[in-house]
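pasting a predicted model and its sequence here:
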Amino acid sequence: MAKIPSNVDWNKVKEWDEKYYVHLDVTKEEYAHVPVAAVEGDYIILPDGTRLLDFFNQLYCVNAGQCNPKIQQAIREATERYGHLWEAYATDYRSKAAKLLIEDILGPDDWAGKVSFVSTGSEAVEKALILAKLYKNRPNIITREYAYHGWTMGAAGCTRLRGIRSGLADPKDPVVCRVVPNHPGSGYHLAPAPNCFRCSLGHTYPECKLSDGKLPCVLATEYKIKSIGPDTVAAMITEISFGAATIHPPKEYIPQIRQMTKELDILWICDEVLTGFGRLGTWFAYQQYDVKPDIMTMAKGIVSSALPAGGVVISKEIAEFLDEWRWWHVGTFSAHPVAMAAVAANLEYMLEVDLPKMADEAGKYFGAKLKELEEKHKCVGLVAGKGMLWQVEIVKNKKTKELFAPEDRHTVYAGDISMYPSVFIRNKCVEKGVMLGGFTPNTLRIGASLNVTKESMDKAIDALDYALGCLDEYCTE
């Protein structure tokens with residue numbers, strides 16, 4: 001049982017926090033101080049002992065559960081041996097983590113050559129983009145509507161959720177915002193998203209499929225690349241299931257995109273920062289399909305977020321290419337020995353308990369419960385997902401798909417957002433001791449640790465049932 005420290009002056013914590021820290025997403029007047037004394041399993045624990053069930057899983061990243069004993073022990077042992085080493089030096093922890101990943105986990109897929117470790121998901125995306133451009137010696141990158149790949153300059157070039165690209169939003173005026181100049185920069189080109197619930201191309205799935213079975217969004221992506229010139233495009237980067245935007249694509253989409261990249265001779269960067277390490281019920285989301293990437297980005301689940309760690313896996317062909325060059329690229333904290341100890345312990349734990357299988361089984365139970373809520377509530381337009389990553393689309397009218405927040409995924413989060421369904425439901429769920437909601441206005445993104453208990457899933461469903469019932473009162477049908 002997690003212990004609440006008795007020697008912390010929580011009034012001082014509040015004073016210093018409000019006085020000295022730059023807070024996210026809110027103005028000074030809007031900021032609500034929420035101190036957390038400890039975490040455990042799927043719960044965060046407040047100083048007064050209140051336990052909140054976390055179905056945000058923080059940022060959908062604590063795959064093995066908070067304070068997993070195996071990972072915590074490895075960190076303690078590593079701190080007795082190491083302070084800091086930069087990645088010019090090898091450690092047993094780094095070697096073990098690389099071997100577990102490339103041989104034990106990815107070995108059966110027979111594509112992965114080597115891994116390079118970094119500290120964050122954004123960093124992993126930056127490194128993947130650099131590698132793709134170096135390998136193909138081409139400047140352009142293809143990304144997609146509603147993509148989220150990080151907040152740093154290259155990653156932000158691939159991020160197309162305007163509201164979470166590091167800009168400023170006016171709390172009073174719903175259209176006033178300030179974007180970061182040249183953020184995203186040039187060289188990033190937009191393809192349509194496979195959002196079948198509300199297609200930006202105006203189609204309806206599966207009637208939209210062409211005579212050869214190709215999806216219009218894939219064909220539009222192909223035409224985009226051909227108009228730019230495939231010989232100028234280094235790679236296309238995709239999430240398998242959109243993380244921040246929370247979209248699960250139709251089953252044909254990923255295989256068709258992968259085939260297209262091969263035919264056009266561009267690389268496929270598979271961003272598994274959020275979906276990797278069991279989130280969808282397989283080790284990696286691409287394994288839901290008969291495909292293999294050229295480059296894969298990772299973070300979050302690689303260490304169950306016990307410490308900052310991420311990585312980039314490259315194909316055998318790219319690894320052989322790099323072996324012939326001196327690659328002048330380094331990060332101070334890349335492959336930090338204590339972080340590598342945590343990564344190795346996390347991967348060993350996942351292998352020992354078959355965590356992806358646990359996520360798959362939990363997802364079947366939880367998904368069935370969500371489907372029951374879809375039938376019950378007027379405001380639920382769609383439930384989709386796998387494992388411990390679920391999408392719930394909220395509508396004002398089921399028949400017409402009318403939205404509570406018409407700006408939907410194009411929001412800049414300005415003005416009064418209290419009646420965004422994701423915010424409304426979050427606030428109602430907290431009344432029942434559950435943290436659950438979403439990042440886009442009309443969509444819930446729901447997930448817990450991959451070893452979540454049925455008891456916790458039932459508690460989350462009960463809270464969501466209550467919150468949806470409250471929102472039903474505002475529906476037009």
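Received, thanks.

tell me how this protein divides into domains.
Here the domain parsing of the chain from automatic domain parsing is 10-67+355-472, 69-353.

show me the contacts for residue 73.
Applying CB atoms under 8 Å, 6 or more residues apart in numbering, one finds that residue 73 lies in contact with residue 345. For glycine as for every other residue, the C-beta is placed from the backbone atoms N, C-alpha and C.

any idea how far it lies from residue 81?
Relative to residue 81, residue 73 is positioned 13 Å away (CB to CB, to the nearest Å).

low-confidence stretches in this protein?
Low-confidence segments of the chain, defined by pLDDT under 70: none present.

give me the most central residue, it.
Nearest to the mean C-alpha position of the chain, by CA atoms, centre = their mean, lies residue 274 at 3.2 Å.

against residue 379, how distant is the residue lying closest to it once chain neighbours are set aside?
Nearest residue to residue 274, sequence neighbours excluded (CB to CB, 6 or more residues apart in numbering): residue 243, at 3.8 Å. For residue 243, the distance to residue 379 (CB to CB) stands at 23 Å.

equivalent analysis for residue 422, please.
From residue 422 to residue 379 the distance is 12 Å (CB to CB).

please apply the same query to residue 351.
Counting by CB to CB, the gap from residue 351 to residue 379 is 41 Å.

more neighbours, the two?
Taking neighbours as other CB atoms under 10 Å, residue 351 and residue 379 compare with residue 379 leading, 27 against 14.

please name the residues that touch that one.
Counting by CB under 8 Å, 6+ apart, residue 379 touches 394-396, 421, 468, 471-472, 474-475.

need those in CSV (columns: distance to residue 461).
Formatted as CSV, the contacts of residue 379 follow (distance: CB to CB, whole Å):
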residue, distance to residue 461
394, 16
395, 20
396, 23
421, 17
468, 10
471, 15
472, 16
474, 21
475, 20
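
pull out the buried residues from these.
If you count burial by 16 or more other CB atoms under 10 Å, the buried members of the contacts of residue 379 come out as 394-396, 421, 468, 471, 475.

quick check: phi and psi at residue 26.
phi -140, psi 160 (degrees, to the nearest 10).

three-state assignment of the residue of the chain most remote from its centre?
What lies farthest from the middle of the chain is residue 7; by CA atoms, centre = their mean that is 35.7 Å. Here residue 7 takes the coil state, with states given by DSSP: H, G, I helix; E, B strand; the rest coil.

quick one: the strands in the stretch 301-450 of the chain?
Assigned by DSSP state E, counting those that start in this stretch, the strands in the stretch 301-450 of the chain fall at 310-315, 380-386, 389-394, 434-435, 443-446.

the third one pairs with which strands?
It refers to strand 389-394. As defined by DSSP bridges, the strand partners of strand 389-394 come to strand 380-386 (antiparallel), strand 443-446 (antiparallel).

now do the SS call for the residue nearest to the centre of the chain.
coil.

who's in contact with it?
Contacts for residue 274 (CB under 8 Å, 6+ apart) come out as 59-61, 121, 239, 243, 300-301, 389.

how about residue 314?
Neighbour list for residue 314: 112-116, 131, 294-295, 322 [criterion: CB under 8 Å, 6+ apart].

just those: which are in strands?
112-116, 295 (DSSP state E).

which one of these has the most neighbours?
residue 295 (24 neighbours).

ok, what's across the strand from it?
Here residue 295 sits in beta bridges with residue 269, residue 314, as judged by DSSP bridges.

residue 320 and residue 113 touch, don't they?
Yes. Residue 320 lies in contact with residue 113 (CB atoms under 8 Å); the separation is 7.1 Å.

can you pull the contacts of the closest residue to residue 91 other than its chain neighbours?
Leaving aside its sequence neighbours, residue 91 sits nearest to residue 337 (CB to CB, 6+ apart; 4.6 Å). If a contact means CB under 8 Å, 6+ apart, then residue 337 has 78, 81-82, 84-85, 91, 93-94 as its contacts.

any idea how far residue 100 is from residue 337?
Between residue 337 and residue 100 the computed distance is 16 Å (CB to CB).

in this structure, which helix is the longest?
Using DSSP state H to define each element, the chain has its longest helix at helix 355-376.

buried ones in stretch 140-158?
Those would be 140-158, for stretch 140-158 by 16+ other CB under 10 Å.

one more: stretch 54-63?
54-57, 59-63.

please apply the same query to stretch 70-78.
Neighbour-count burial for stretch 70-78, counted by 16+ other CB under 10 Å, picks out 70-71, 74-75, 78.

any chance of a markdown table for those, columns distance to residue 29 and secondary structure?
What follows is those, written out as a markdown table (distance: CB to CB, whole Å; DSSP: H, G, I helix; E, B strand; the rest coil):
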| residue | distance to residue 29 | secondary structure |
| --- | --- | --- |
| 70 | 44 | helix |
| 71 | 39 | helix |
| 74 | 43 | helix |
| 75 | 39 | helix |
| 78 | 43 | helix |
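
closest to residue 374 among the residues you listed?
Nearest to residue 374 out of these is residue 71 (CB to CB; 35.7 Å).

surely that closest one touches residue 342?
Yes. Using CB under 8 Å, residue 71 is in contact with residue 342, at 5.4 Å.

quick check: neighbours shared by those two?
303, 306.

who touches stretch 92-109?
With contact meaning CB under 8 Å, 6+ apart, stretch 92-109 is reached by 78, 87, 112-115, 117, 283, 287, 292, 302, 311, 313, 335, 337, 340-341, 343-344, 347-348, 351.

which residues does the nearest residue in space to residue 30 that is not next to it in sequence contact?
Spatial nearest neighbour of residue 30, excluding adjacent residues (CB to CB, 6+ apart): residue 171 at 6.5 Å. By CB under 8 Å, 6+ apart, the contact list for residue 171 reads 27, 29-30, 414-415.

and which of those is nearest to residue 37?
Nearest member of the contacts of residue 171 to residue 37, counting by CB to CB, is residue 30, at 23.4 Å.

residue 265: neighbour count?
With other CB under 10 Å as criterion, residue 265 counts 11.

cool, and residue 36?
With other CB under 10 Å as criterion, residue 36 counts 10.

try residue 326
Counted with other CB under 10 Å, residues neighbouring residue 326 total 6.

tell me how far it lies from residue 458.
56 Å.

quick check: residue 83 vs residue 246, distance?
Counting by CB to CB, the gap from residue 83 to residue 246 is 40 Å.

to clarify, my last question referred to residue 321.
Applying CB to CB, the value for residue 321 to residue 246 is 36 Å.

what bridges to residue 383?
Beta-bridge pairing of residue 383 under DSSP bridges involves residue 392.

you'd agree it is up against residue 392?
Yes. Between residue 383 and residue 392 there is a contact under CB under 8 Å: 5.5 Å.

mutual contacts of the two, please.
Common neighbours of residue 383 and residue 392 (CB under 8 Å, 6+ apart) are 370, 373-374.

now residue 285: how far from residue 381?
Distance of residue 285 to residue 381, given as CB to CB: 24 Å.

more neighbours, those two?
Shown here are residue 285 and residue 381; by other CB under 10 Å, residue 285 has more neighbours (27 against 23).

distance check, the more buried one against residue 303.
To residue 303, residue 285 is 18 Å away according to CB to CB.

what helix or strand is residue 122 located in?
Residue 122 belongs to helix 121-136 when assigned by DSSP states H and E.

quick one: that helix to strand 310-315, angle?
Relative orientation of helix 121-136 and strand 310-315, computed by axes from the mean of the first three to the mean of the last three CA atoms, to 10 degrees: 30 degrees.
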